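Trainee: Structure for this input, please:
(chains A and B)
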Protein chains: 2
Amino acid sequence: MVLGEYLPFWNKLTEKQRMLLKEKAREARFEKGMLVHGGVDGCSGLLLVTAGQLRVFMLSDEGRELTLYRLLERDICLFSGPCMVKNIQFDVTVEAEQDSVVSVIPPEVYKTLMEQSAVVSNFTNELMASRFSDVMWLMDQVLNKKMDGRLAAFLLEEGRLNGSKELSITHEQIAHHLGTAREVVTRLLRLFQADHLVKITRGSVELLDERGLELLAADSLR
Amino acid sequence: MVLGEYLPFWNKLTEKQRMLLKEKAREARFEKGMLVHGGVDGCSGLLLVTAGQLRVFMLSDEGRELTLYRLLERDICLFSGPCMVKNIQFDVTVEAEQDSVVSVIPPEVYKTLMEQSAVVSNFTNELMASRFSDVMWLMDQVLNKKMDGRLAAFLLEEGRLNGSKELSITHEQIAHHLGTAREVVTRLLRLFQADHLVKITRGSVELLDERGLELLAADSLR
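Mentor: As a prediction, the model looks like this:
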């Protein structure tokens, strides 16, 4: 495992701290669709994505989902270890969107490093600030932007992430990303199809007019 | 100014760091309704509330407001100093809800302390985690809870904060707290009045049946 390549503070650690990390971090593999963190597990630790793609989402009591952000290669998941930082009183669910490889740093190890090193602690601050910014952006989207623009932006983002205009995704899955009901997604996709923006087939959505989707998505593109 | 009483990390600072804080922190007074932070100001610094009450809210491009949280005596406002923490890419607006006294620690001073001291940096982590938790709770409310329950919870909270059942607040102000339109608030308050939960008069709402409001608010009380 090449932790040094992924952790920006590696060179600021003492030899002893590096040894601790090397000794305690373990690699975990998740197949597409598997749960990486969530539910009763509590505190999984810091997750460092070395391959694949994870989805971090909120799950309401009523079973509604909302994608908060995606973690790609080199991204770090902080909220899989709520016990690492005092005062985190919420939990997120993390699942593998692609077959993924993750380095897991146990919570007590990371916590120790944060207490010993202002550099690690400030890195944690920046990480949290970055995710907080994502969530604030999303809050603005949920409150103030129209669902058709959000859907258009989501389709474009999916196309970019997958490098394809043919998205293998169900209406239900899209609804879970956007925090809305499947019926809403189906209705909007039909409108998009009528406007020749997409073509809907069973279990997939094909992007026909990316420029048209971009115009619609203007307020919801990051 | 008695910074030592308000900053939990005071005793962990060096004499030099304490001197720096004492020298650079300044006291500011804000009358009820005044803007404390927001707009073009950029980075006001860390705000420590020593008296009064502040409201921290999101302001959308379209002018819609949503109260994120309130800061009471001894609370600390971190996001009034986005420049202090790298990666904060959102801005909040802060206004005085009561006549308030605030100690302002300049951003560069606080940033220096965070870089020097793991204790200060970890304190910042906990502070951010706490606000992040507030916002995640709010996101769940906005997405998954009914507006009537949220309104009932808000009225009860206002009653507690003000120590009174007679709230001097307009429908517009309530709408700004809840991130909705004034018409929605007016419609719901009329329903509440028909159920003898509240009595509406011009510019005020009187709580008649707190137990009834609590039942309605069950999913939205913290």
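Trainee: CA atoms for contacts and neighbours, from now on please.
Mentor: Fine.
Trainee: got a list of contacts for the helix or strand hosting A:His177?
Mentor: Using DSSP states H and E, A:His177 sits within helix A:171-178. Helix A:171-178 has contacts (C-alpha atoms under 8 Å, 6 or more residues apart in numbering or on different chains) with A:57, A:64-67, A:150-151, A:181-182, A:184-186, A:203.
Trainee: among these, which are in strands?
Mentor: A:57, A:65-67 (DSSP state E).
Trainee: Among those, name the buried ones.
Mentor: Neighbour counting over the ones in strands among the contacts of helix A:171-178 (16 or more other C-alpha atoms under 10 Å in any protein chain shown) leaves A:57, A:65-67 as the buried ones.
Trainee: rewinding a little: which single one of the contacts of helix A:171-178 is nearest to chain B?
Mentor: A:Arg64 (7.8 Å; C-alpha to the nearest C-alpha).
Trainee: what about that closest one, how many residues close to it?
Mentor: 18 (other C-alpha atoms under 10 Å in any protein chain shown).
Trainee: For stretch A:158-178, which residues meet the burial criterion?
Mentor: A:158-159, A:165-167, A:170-172, A:174-178.
Trainee: Next: stretch A:198-214.
Mentor: For stretch A:198-214, by 16+ other C-alpha under 10 Å, it's A:198-200, A:205-208, A:210, A:212-214.
Trainee: what about stretch A:10-18, distance to the chain center?
Mentor: Distance of stretch A:10-18 from its chain centroid, counting by C-alpha atoms, centre = their mean, to the nearest Å, is 28 Å.
Trainee: Next, the distance between the ends of it.
Mentor: End-to-end span of stretch A:10-18 (C-alpha to C-alpha, to the nearest Å): 7 Å.
Trainee: ditto for stretch A:191-210
Mentor: Stretch A:191-210 has an end-to-end distance of 15 Å (C-alpha to C-alpha).
Trainee: got it, and stretch A:199-210?
Mentor: Stretch A:199-210: ends 12 Å apart by C-alpha to C-alpha.
Trainee: pLDDT averaged over that stretch, what's the number?
Mentor: Mean pLDDT, stretch A:199-210: 94.
Trainee: Show residues contacting it.
Mentor: Residues contacting stretch A:199-210 (C-alpha under 8 Å, 6+ apart): A:155-156, A:159, A:165-171, A:189-190, A:193, A:196-198.
Trainee: same thing but 10 Å
Mentor: A:152, A:155-156, A:159, A:164-173, A:186, A:189-190, A:192-193, A:195-198, A:213, A:216 (C-alpha atoms under 10 Å, 6 or more residues apart in numbering or on different chains).
Trainee: low-scoring pLDDT stretches of chain A, where are they?
Mentor: Within chain A, the ranges that satisfy pLDDT under 70 run A:1, A:39-41.
Trainee: and it, what are its domains?
Mentor: Domains of chain A are assigned by automatic domain parsing as A:3-142, A:145-220.
Trainee: gap between the residue of chain A at minimum distance from chain B and A:Ala25?
Mentor: Residue nearest to chain B within chain A: A:Ala118 (3.9 Å; C-alpha to the nearest C-alpha). From A:Ala118 over to A:Ala25 the distance is 21 Å, taken as C-alpha to C-alpha.
Trainee: sorry, back to before: Provide a list of residues in contact with the residue of chain A closest to chain B.
Mentor: A:12, A:124, B:113-122.
Trainee: In PyMOL, select just the buried ones from the residues you listed.
Mentor: Per 16+ other C-alpha under 10 Å, the buried members of the contacts of A:Ala118 correspond to this PyMOL selection:
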select buried, (chain A and resi 124) or (chain B and resi 113+114+115+116+117+118+119+120+121+122)
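Trainee: Narrow the contacts of A:Ala118 to those in helices?
Mentor: Those of these mapping onto helices are A:124, B:113-116, B:118-122, per DSSP state H.
Trainee: Dump those residues into JSON lines; add distance to A:Asn144 as well.
Mentor: Shown next, in JSON lines, are these (distance: C-alpha to C-alpha, whole Å):
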{"residue": "A:Thr124", "distance to A:Asn144": "30"}
{"residue": "B:Leu113", "distance to A:Asn144": "37"}
{"residue": "B:Met114", "distance to A:Asn144": "35"}
{"residue": "B:Glu115", "distance to A:Asn144": "37"}
{"residue": "B:Gln116", "distance to A:Asn144": "40"}
{"residue": "B:Ala118", "distance to A:Asn144": "38"}
{"residue": "B:Val119", "distance to A:Asn144": "38"}
{"residue": "B:Val120", "distance to A:Asn144": "36"}
{"residue": "B:Ser121", "distance to A:Asn144": "34"}
{"residue": "B:Asn122", "distance to A:Asn144": "34"}
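Trainee: And the helices in chain A, which stretches?
Mentor: Using DSSP H, helices in chain A cover A:3-6, A:15-24, A:107-116, A:118-144, A:147-162, A:171-178, A:182-194, A:210-217.
Trainee: distance of A:Asp140 from B:Met139?
Mentor: 10 Å.
Trainee: Just grab the bridge partners of the residue nearest to the spatial centre of chain A for me.
Mentor: Centrality entry for chain A: nearest residue to the mean C-alpha point is A:Arg70, 2.2 Å, by C-alpha atoms, centre = their mean. A:Arg70 forms beta bridges with A:Arg55, as assigned by DSSP bridges.
Trainee: wait, it sits on A:Val135?
Mentor: No. In this structure, A:Arg70 is not within contact of A:Val135 by C-alpha atoms under 10 Å, at 11.7 Å.
Trainee: List the backbone torsions phi and psi for A:Lys165.
Mentor: phi -90, psi -10 (degrees, to the nearest 10).
Trainee: show me what contacts it?
Mentor: The contact partners of A:Lys165, by C-alpha under 10 Å, 6+ apart, come to A:155-156, A:158-159, A:198, A:205-210.
Trainee: of all the residues you listed, which comes closest to A:Ala51?
Mentor: A:Glu158 (17.8 Å; C-alpha to C-alpha).
Trainee: show me what contacts the closest one?
Mentor: For A:Glu158, the contact set (C-alpha under 10 Å, 6+ apart) comprises A:152, A:164-169.
Trainee: Equivalent analysis for A:Ser133, please.
Mentor: Contacts of A:Ser133 (C-alpha under 10 Å, 6+ apart): A:127, A:139, B:87-91, B:132.
Trainee: These: which two are farthest apart?
Mentor: A:Leu127 and A:Met139 (18.5 Å).
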